[in-house]
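In: need the 3D shape of this:
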Amino acid sequence: MTMTIAQAKSQVAGTSAANGDIRIKSLITLIDTLTALVAEENVELAKGLPASRLKQVDEKNRLAEIFERTVAECAAGTTSLTVRDRVLREQLMERILKLRAAMDENLVRLRAAIEASNRRIEAVMQAIREQIAAVSPYGASGRVAAARAVSSGTSRSA
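Out: Model prediction:
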């Protein structure tokens with residue numbers, strides 16, 4: 001049985017469509033995993049944990065890099081994510097919107113965590129400056145400060 005050119009094209013299109021569906025499903029899984037990680041990170045940031053102590057950072061960065069690479073390949077035309085299945089296309093768009101919302105929240109929470117860290121650092125630095133100033137024999141001009149009144153606890157009774 002010989003295959004016509006139209007049948008061959010149809011089979012190739014069906015195979016590439018199936019491969020496209022697999023790529024889309026894989027991308028949806030990646031997006032779901034990334035969204036879950038970002039949501040988990042957002043919960044921890046909401047508790048006031050410093051961004052540097054979050055366990056999700058490395059995995060989030062790894063998955064985000066894969067996602068960004070996929071998007072860049074699509075933009076460059078080296079990868080096609082043509083979705084013929086309407087339901088699958090809607091699932092992909094829904095997941096992208098959820099990821100975007102989670103990332104927007106993440107950005108706000110990370111900025112707040114950075115600001116809180118900066119305030120803590122500034123408070124520590126101010127305390128150090130005050131402590132140094134209290135024990136330094138030099139004034140702000142760099143000259144020896146006026147002698148401070150110091151009480152000694154010596155007793156004259158002997």
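In: what are the ranges of the helices in this protein?
Out: Ranges of helices in the chain, per DSSP state H, are 5-46, 57-76, 86-135.
In: quick one: which of the ones you listed is nearest Val144?
Out: Checking the helices of the chain against Val144 by CB to CB gives helix 86-135 as the closest, at 13.7 Å. Bear in mind the C-beta positions are built from the backbone N, C-alpha and C, glycine included.
In: could you check the angle helix 57-76 makes with the closest one?
Out: Relative orientation of helix 86-135 and helix 57-76, computed by axes from the mean of the first three to the mean of the last three CA atoms, to 10 degrees: 130 degrees.
In: can you pull the contacts of the closest residue to Leu110 other than its chain neighbours?
Out: Take Leu110 and drop its neighbours on the chain: the residue closest to it by CB to CB, 6 or more residues apart in numbering is Ala51, 5.6 Å away. With contact set as CB atoms under 8 Å, 6 or more residues apart in numbering, Ala51 has these partners: 45, 57, 110, 113-114, 117.
In: look up how far Ser117 lies from Ala51.
Out: Distance of Ala51 to Ser117, given as CB to CB, to the nearest Å: 7 Å.
In: again with Leu63
Out: Distance of Leu63 to Ser117, computed by CB to CB: 24 Å.
In: who has more neighbours out of the two?
Out: Leu63 (19 against 13; other CB atoms under 10 Å).
In: look at the closest residue in space to that one that isn't next to it in sequence and say how many residues are nearby.
Out: Nearest residue to Leu63 in three dimensions, chain neighbours excluded: Leu34, at 4.5 Å (CB to CB, 6+ apart). If you count neighbours by other CB under 10 Å, Leu34 ends up with 22.
In: Leu34 against Ala64, yeah?
Out: Yes: using CB atoms under 8 Å, Leu34 is in contact with Ala64, at 6.4 Å.
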